[in-house]
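[1] heads up, no residue letters with this:
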């Protein structure tokens, strides 16, 4: 039974929180406590076990064997370590999680140093592998973080997943690449420079140091020798190089685009810097829309490849692929030419439509305010058009989508299929210039947005398609847009009566023959705008010369280094513009005076190729070697949040495909198709694992709906919280962790209170990786108890009689308990192997480990039975259950396999258990500190024969509903179908519950229409 108890000293700053577990001895009630400190370097022993006895009003220690120093500067947390029975029964010393973690962190660092030195010697004498000399590699990558300075529980979850995978895969014999780096450019650092008078670089470097320490605390084992920072010139030199390659290929270009402009600070704002009222976050000015000349990547050139190759991604979540399909937005349809007569001349407006069957329903044309046709607007409409354009420059609320608005232009177009019919042209807010042709045909009868706009203009809606054949032009449904395809009504000329599909084909064919239409495929995706008018980013490597125009910086002059001597005011645009000696330069082409481009690149550019650089992070001649990238790609498992499902993943696919197509890596499509390497075609990520968010327990005032702080809620009874100020029960929910909701959890607090191993297990056990995780701190105690039970098993294994060096199982000679343990072990190995290789169902894996641990705890190795069981008790005492005995060889083998499988999930604890097992095993006696790491051991393998069960529990269904179960020995089931039916029928009718479901009141068998034996005798279905 768990509860909380607070002890305060004379100093208010020296306080302790106790979580206690009560157990009985023959003389007294005792509580066991685990003392753990939060940032307490002055504590002689940072984590120790102290038993206490309690009275109603005071707490006193019953043991002072461990010296303890309390400081007024720190607070201490006590948490339950294990049930007392677990500790009392274990022959090993009580667990000290903090000491274990520190011990193994130190040991790992020492081993890394030795390994690095050996690797350096080996690398110096080794030749670089060619792409055909491919090792058995496995590339695991978690999306690298922005260095904000704080790890949150979402980080802990993703890194616990990737670390567990990396450790297990190494044990399976793979050459694992598991790097970490920093997505270090970005707006937050620039904002920090303005607000705190600290340079973005200094702020970023400090945050990285803090977060590396935090990653160490969660026991994450990354390849730190591959570490990279996107803000380092050694990295963004190659980001700039890739820009030049794209420019050389015609895929990087400039054009005008709309930005958010702060007219007071005279600077460009990111969308997140504009508040819900359309005002600047800093100056408070109403933000305007303004056109600037910007750099773009022509991702639309790859639209078809990006769409088609989604089918290659067999190991991506389907919802992510669908989100990308929708973003790319391929539409097949037609393009029609509408002629506009103005000022004595004729111009064409080209419009794309995915519904050519509705062309007879066109009642107006809608164009963007940047469409060139508006240069021909008559003077009578110019003022109204100018006012409308000006109104669109003001930002509206980012939380609401503006309705369709527009103004008539005074221009009229000829309907190509209805000679003599004039169609008005409107300038509208819902058509943009850089999507399609910048013009659409307005069909209010069959498009919801056009319908809404037509109503604002008083246009009578015309319907031309109906779900059912009708006479005349009246719609089958009055009111609203009829968007479904159907049959063309009688107002469609020669096409009347055709289905939408047949009519579309016929209409396009005729338009093509007459020269005013054609088949057309359009994509929703737009080119990637990468210019940012900010400082903290990779400078765009272009030089602007009045005579030569934009000129690329020569590759040998890279990197274009970001100047460090800048001042930040938040006004006047990017600080780069103010640095004359950096901006002014010579044109590489003509040698004349020129200026550097003062824009920096979107940080998505940095993060869209970093996975390639990780494979060759120290290359000073190229972004990466062809051989290393070809060998290392694709990333085998890529782990990150669903929020990156579109832009980051789409941009990464684009740049990876560009590098593959241009020969920077890869063997080419023919060679890849022959080898069957997945997914191929330059796709960067084979398996995409999108982890769900970690949600915190959230309390709200039931009256006002205001979020409540934890201290405002009485949680003495966690199941029944009470709002302290009102005595009411607050509303509860689990929501995304947020400071404003007061539901955040600090990972460092969890690790200090419960240990990193238990915290990792809790994160992995609470939910499958792809689902939301509802954080519940109290259930971490269950993970600590599980670890304590494993520790007891390890202790029992060390006390067993010496086992043979090699364990050769023989099912025929095993007793019943041994067979059950052996079968459970092999089922567990199979489950965890599958989990680490394909399903990633770590919650289920931990459940299997718990089951195996419980089964080991229920038996004892034969040689130690006498010391751990009790055969007699005084008459007044309840006798203990005598544990079943299994062979010491099987017990030790199972314990070792258990520790191996647990270690990737709880690495420090696993190492401690393994060292204990090896140092006390007579077959492998070692000195502590010299035992090889558990992660150098081979992953356990399972025996198929052991998975077969001795008995089968067979479910009995009657008319599709489960009614009861029968059990029989596997060896009794006949091999032929008729024999199986007869055998099972006999068992079923003998069962006591057969009387109710299969026999009548006189005990006579009811008529059975059909008896079906399913799953080899595991299910029998009777149809009466």
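    Received, thanks. Quick caveat, the model's predicted, so the values are computed rather than measured.

[2] my guess is residue 140 meets residue 168, correct?
    No: with contact defined as C-beta atoms under 8 Å, residue 140 does not reach residue 168; the gap is 9.9 Å. In this view, the C-beta of every residue, glycine as well, is placed from N, C-alpha and C.

[3] can you give me the strands for the stretch 851-1000 of the chain?
    Here the stretch 851-1000 of the chain has its strands, by DSSP state E, counting those that start in this stretch, at 859-861, 884-886, 951-958, 961-969.

[4] I'd like to know which of the ones you listed is closest to residue 491.
    Taking C-beta to C-beta, strand 961-969 is the member of the strands of the stretch 851-1000 of the chain nearest to residue 491, at 57.6 Å.

[5] Given that closest one, what are its sheet partners and their directions?
    strand 951-958 (antiparallel) (DSSP bridges).

[6] quick one: common contacting residues for residue 140 and residue 168?
    Overlap of the contact sets of residue 140 and residue 168 (by C-beta atoms under 8 Å, 6 or more residues apart in numbering) is empty.

[7] Find the residue closest to residue 316 in space, skipping its chain neighbours.
    Once flanking residues are discounted, residue 316 sits nearest to residue 688: 4.4 Å by C-beta to C-beta, 6 or more residues apart in numbering.

[8] any idea of the pLDDT on that neighbour?
    We have a pLDDT of 97 for residue 688.

[9] do the same with the one 5 residues further on
    At residue 693, the pLDDT value in this model is 86.

[10] so it makes contact with residue 738?
    No: between residue 693 and residue 738 there is no contact under C-beta under 8 Å: 10.8 Å.

[11] Same drill for those two, tell me which one is more crowded.
    Using other C-beta atoms under 10 Å, the more surrounded residue of residue 693 and residue 738 is residue 693, with 19 against 12.

[12] Go ahead and confirm the residue nearest to residue 316 touches residue 649.
    Yes: look at residue 688 against residue 649 with C-beta under 8 Å: they come within range, at 7.5 Å.

[13] ok, residue 983 - contacts?
    968, 972, 973, 974 are the contacts of residue 983 under C-beta under 8 Å, 6+ apart.

[14] if we can go back for a sec, confirm that the residue nearest to residue 316 sits in a strand.
    Yes: under DSSP: H, G, I helix; E, B strand; the rest coil, residue 688 sits within a strand.

[15] 377 is where my numbering starts, stick with that
    New numbering, starting at 377: the last item is residue 1064.

[16] Can you give me every residue that contacts it?
    689, 691, 692, 693, 696, 1014, 1025.

[17] Now flag whichever of these is closest to residue 602.
    For these, the nearest to residue 602 is residue 1014 (15.8 Å; C-beta to C-beta).

[18] Count residues in the vicinity of that closest one, would you?
    For residue 1014, the count of nearby residues is 25 (other C-beta under 10 Å).

[19] now do the one 10 residues further on
    The number of residues packed near residue 1024 is 18, by other C-beta under 10 Å.

[20] Could you point out the longest strand of the chain?
    strand 706-718 (DSSP state E).
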